[in-house]
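**Q** can't give you the sequence, but here's the structure:
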């Protein structure tokens, strides 16, 4: 009777390869890195959001955080 056991797969540690790649240190962003095509007001908001995310170590922000950033720039309803 033939054996039905399958050979065990070897575990491949892929995280090590990522940390040594040329993209190490680059962070995935919620919005585009370039603000060149934006109006002055939109560029100011984008810069404020980027600063907030860096300061709070956040990759993505929620609506409450975006509203607090907008209010810090002087937005009011």
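**A** Sure, I can see it. All of these numbers come straight from a predicted model, not from anything done at the bench.
**Q** how near is the residue nearest to residue 49 when sequence neighbours are not counted to residue 48?
**A** Setting aside the residues directly before and after it, residue 49 is nearest to residue 69 in space (CB to CB, 6 or more residues apart in numbering), at 5.7 Å. Where you see a C-beta, it was placed from the backbone N, CA and C, and this is true even at glycine. Relative to residue 48, residue 69 is positioned 5 Å away (criterion: CB to CB, to the nearest Å).
**Q** now do residue 76
**A** Look at residue 76 and residue 48: by CB to CB, they are 16 Å apart.
**Q** show the pLDDT at residue 12.
**A** For residue 12, the pLDDT comes out at 75.
**Q** and it, which of the three is it?
**A** Three-state assignment for residue 12 (DSSP: H, G, I helix; E, B strand; the rest coil): coil.
**Q** ok, it - how many residues close by?
**A** Summarising burial for residue 12: neighbours were counted as other CB atoms under 10 Å, giving 7.
**Q** then residue 44?
**A** For residue 44, the count of nearby residues is 14 (other CB under 10 Å).
**Q** spatially nearest residue to it, not counting backbone neighbours?
**A** Closest residue to residue 44 in three dimensions, ignoring its sequence neighbours and counting by CB to CB, 6+ apart: residue 73, at 6.5 Å.
**Q** go ahead and confirm the one you found touches residue 43.
**A** No - applying CB atoms under 8 Å as the test, residue 73 and residue 43 come out as separate, 11.5 Å apart.
**Q** which residues does residue 54 contact?
**A** Not one residue lies near residue 54 by CB atoms under 8 Å, 6 or more residues apart in numbering.
**Q** so which helix or strand takes in it?
**A** Secondary structure assignment for residue 54, by DSSP states H and E: helix 40-55.
**Q** so after that helix, what's the next helix or strand?
**A** Toward the C-terminus from helix 40-55 - assigned by DSSP H and E - lies helix 63-72.
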